[in-house]
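sequence plus predicted model, see below.
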Amino acid sequence: MKILTLSALVAITSLATASSALAQDAAAGKTSFNKCLACHAIGEGAKNKVGPVLNGLEGRHSGSIEGYNYTDANKKSGITWNKETFLEYIKDPKAKIPGTKMAFAGIKNEKEANDLWAYISGFDKDGKTK
């Protein structure tokens, strides 16, 4: 009985892990990032554009990239970027940070937003892939 229970637990855990992995597709996120390219750069050698570079976004405080002129709303938002915060923000940036100058309607599709996070969060602060 213990072996059967353990086997069932292993199977459930494996399915949950596989499901989580399928929920995010960094390759699809890279394609989605094309919507961001006009304003943002990512990767080695990335420079601020109309928007700040997105290297090392995970764990970074909003309004903290040196050399970028953020709005007070971004600087004072108190946001530390993580998956949950990013997914909230990317749906409707102006709703999450009223006063931001980010002129983007947002990504409402949950799968696309998760894929985009998978792509963006794959870069460290130096633009190298993790």
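In hand now; what should we look at? Numbering: from 1, shown residues only.

use CA for all of it now, contacts and neighbours both
Noted.

count the neighbours of Ala46 for me.
15 (other C-alpha atoms under 10 Å).

so Phe123 bridges to which residues?
Here Phe123 shows beta-bridge partners Thr129, assigned using DSSP bridges.

now do the contacts for it.
Counting by C-alpha atoms under 8 Å, 6 or more residues apart in numbering, Phe123 touches Ile42, Gly43, Asn55, Gly56, Leu57, Thr129, Lys130.

the most centrally placed residue in the chain: which element?
The structure's the chain has its C-alpha centroid closest to Trp117; by C-alpha atoms, centre = their mean the separation is 3.0 Å. Counting by DSSP states H and E, the element that carries Trp117 is helix 110-120.

list the contacts of that helix.
So helix 110-120 is contacted by 23-30, 32-33, 42, 54-55, 57, 83, 86-87, 90-91, 107 (C-alpha under 8 Å, 6+ apart).

those residues in helices, which ones?
Ala23, Ala26, Ala27, Ala28, Gly29, Lys30, Ser32, Lys83, Phe86, Leu87, Ile90, Lys91 (DSSP state H).

reformat those as TSV; add neighbour count and pLDDT.
Formatted as TSV, the ones in helices among the contacts of helix 110-120 follow (neighbours: other C-alpha atoms under 10 Å; pLDDT from 0 to 100):
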residue	neighbour count	pLDDT
Ala23	15	54
Ala26	20	97
Ala27	13	97
Ala28	16	97
Gly29	20	98
Lys30	17	97
Ser32	18	97
Lys83	17	98
Phe86	20	98
Leu87	21	98
Ile90	22	98
Lys91	18	98
